[in-house]
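>>> Sequence plus predicted model, see below.
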Amino acid sequence: MTPEERELRRALAARSERPSAEFRARLSTAIGAGRPAAKPTPTLAILAAVLIAVAMVAVLLFARQAARLAPPTGQASAPRSQATPTPPIKCTFCPIQLPSYAQLSAPSAHVIWVLVAGEYLARSTNRGDTWEQRPLPNAEMAQPEISFVNAEEGWLNTGGSPETQCNRQTVGIWHTTDGGLTWQSLGSKGIGYSQCKHGLSFIDPNRGFLAAEDPNHAPVIYRTVDGGRTWSASKPLPDPPGFKSATGGFTLQPGLVSAFGSTLLAPAFGQQSGVTVDYVFRSTDGGATWSYLASRPLDGGLAFVTESRWLQLIEPHQSLETVDQGRTWHPYPSDYSQAAPVAPQVAFADSLVGYATVRGGISRTLDGGLHWTAIDTPGTGMATTG
């Protein structure tokens, strides 16, 4: 029994004793005189006392409940999670008029990413049958490029306005691991100001590449091995056979890097004596140095399907194929076609699934480049969205 219970029992016992003779006399006199008129002041005082008692009980109950829920002494309470604001989408697939332009990134057989008109990012997980618009970071973007390694993780090069003859250009690299819901700015540590930068290409979550060129110097290819946080430049690409770098625009312009095991391949083209020349370079040391590997026969859309099998997409019945890393080429009966007389950008996810885009239109192959069908470009009147 608690002390409070003992005190209460003592008070009740005292009240239960027989009244004294004096108390009985007073009670008889009061009854004979009649009940006096009630005064409001004692009534209000009693009511106030009741309210104060109720309030004190409520405070005590609240304190006990808080003590019960509080963590043990020395144990920190769980931190509250704070949602990162989602970068705004300008509009849901604003109508995009073709011709426009699109950039592709095909990290796997089913996943394809596309950046349309440099403003609208979209993802498909069913090879482009349906699309889902994804957010872009809230950043100034002059010539943006994307590169993804799966359905969630990717990078964005915001680009920048280059000076005359690509004397210098600043860039910004952004990274997402949740499909664009949030973006982190990685800066551009190690990337020099000189030359124009383009051709962002990541081959896994750690290794990525970015080409740099200008009309008066040999190009280099920057590389990262820590997911884009720091970069270092390769040695300048050497002149291939029959080509001599010179000022005034007679230099090579590298393209996107592709990886096949430890072998890296990169296309490059330039002007020599008024003729467009096309080459392929190879690196076996992670991109620190590059060497000439092969020549491209025509100015078409080059696709590295495997390390040894490449395609040159031109027009129906004019495409070419090599199966020996460009040493020999032969006609390839692909039905690929396009209206624009410009080379398409081609991206193969594996040896069978590939995509090609020119002026915003997108085509897809599921048999290694033999047959192609047109698929919807996000934002240009597609039937469904994923």
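That came in fine, so what should we check first? All of these numbers come straight from a predicted model, not from anything done at the bench. Numbering: from 1, shown residues only.
>>> Going by C-alpha atoms from here, please, whenever you check contacts or count neighbours.
Will do.
>>> in this protein, which spans are helices?
Listed from the start of the chain, the chain has helices (DSSP state H) covering 3-15, 21-33, 40-69.
>>> quick check: mean pLDDT across the second one?
Translated: helix 21-33. Predicted confidence along helix 21-33 averages 50 (mean pLDDT).
>>> And Asp367, how close does it get to Asp335?
The spacing between Asp367 and Asp335, counted by Cα to Cα, to the nearest Å, is 12 Å.
>>> Looking at those two now, which is surrounded by more residues?
The residue with the greater number of neighbours, taking Asp367 and Asp335 and applying other Cα atoms under 10 Å, is Asp335; the counts read 17 against 12.
>>> List the single closest residue to the more buried one in space, sequence neighbours excluded.
Counting by Cα to Cα, 6 or more residues apart in numbering, the nearest residue to Asp335 once its immediate chain neighbours are dropped is Pro316, at 4.8 Å.
>>> how about the closest residue to Ser262 other than its chain neighbours, what does it touch?
Spatially, and ignoring its direct neighbours in sequence, Ser262 is nearest to Thr284 (6.1 Å; Cα to Cα, 6+ apart). For Thr284, the contacting residues are 262-264, 290, taking Cα atoms under 8 Å, 6 or more residues apart in numbering as the criterion.
>>> Report pLDDT for Thr284.
pLDDT, the model's per-residue confidence, is 98 for Thr284.
>>> quick one, strands of the stretch 151-300 of the chain?
Under the criterion DSSP state E, counting those that start in this stretch, the stretch 151-300 of the chain carries strands at the ranges 154-157, 173-176, 184-187, 196-202, 208-214, 217-224, 232-233, 253-254, 258-260, 263-272, 275-283, 291-295.
>>> out of those, which comes closest to Val342?
Taking Cα to Cα as the measure, the strands of the stretch 151-300 of the chain were each checked against Val342, and strand 275-283 came out nearest at 13.0 Å.
>>> and Asn216, how far is that from Gly368?
When Cα to Cα is the yardstick, Asn216 and Gly368 sit 38 Å from each other.
>>> per-residue confidence averaged over stretch 317-335?
For stretch 317-335, the mean per-residue pLDDT is 94.
>>> Could you tell me the end-to-end distance of it?
Using Cα to Cα, the span of stretch 317-335 from its first residue to its last is 7 Å.
>>> And it, what's buried?
Taking 16 or more other Cα atoms under 10 Å as the basis for neighbour counts, the residues of stretch 317-335 that come out buried are 318-323, 325-326, 329, 332-335.
>>> go on, stretch 369-382?
369, 372, 374-380.
>>> swap in stretch 144-153?
Within stretch 144-153, the residues that count as buried by 16+ other Cα under 10 Å are 144-151, 153.
>>> Over to stretch 349-369?
Across stretch 349-369, burial judged by 16+ other Cα under 10 Å covers 349-351, 353-366, 368-369.
>>> Check stretch 332-349 too.
332-338, 343-349.
>>> Next: stretch 107-122.
Within stretch 107-122, the residues that qualify as buried by neighbour count (16+ other Cα under 10 Å) are 107-109, 111-118, 120-122.
>>> and of those residues, the nearest to Gly159?
When the buried residues of stretch 107-122 are ranked by distance to Gly159 (Cα to Cα), Gly118 comes first, at 10.6 Å.
>>> Tell me the pLDDT of Phe269.
Note for Phe269: predicted pLDDT of 89.
>>> which residues pair with it across the strands?
Taking DSSP bridges, one finds Gln253, Asp278 as the beta-bridge partners of Phe269.
>>> got the contact list for Gly227?
For Gly227, the contact set (Cα under 8 Å, 6+ apart) comprises 205-208.
>>> which of these has the most neighbours?
Going through the contacts of Gly227 with other Cα under 10 Å as the criterion, the one with the most neighbours is Gly208, at 24 neighbours.
>>> Surely it and Thr230 touch.
No. The pair Gly208 / Thr230 is not scored as a contact, 10.4 Å apart, by Cα atoms under 8 Å.
>>> Can you work out which residues contact both of those two?
Thr224.
>>> one step back: in the buried residues of stretch 317-335, find the pair that's most separated.
Of all pairs in these, the most separated under Cα to Cα is Gln325 and Asp335 at 22.5 Å.
>>> Alright, I will stop here.
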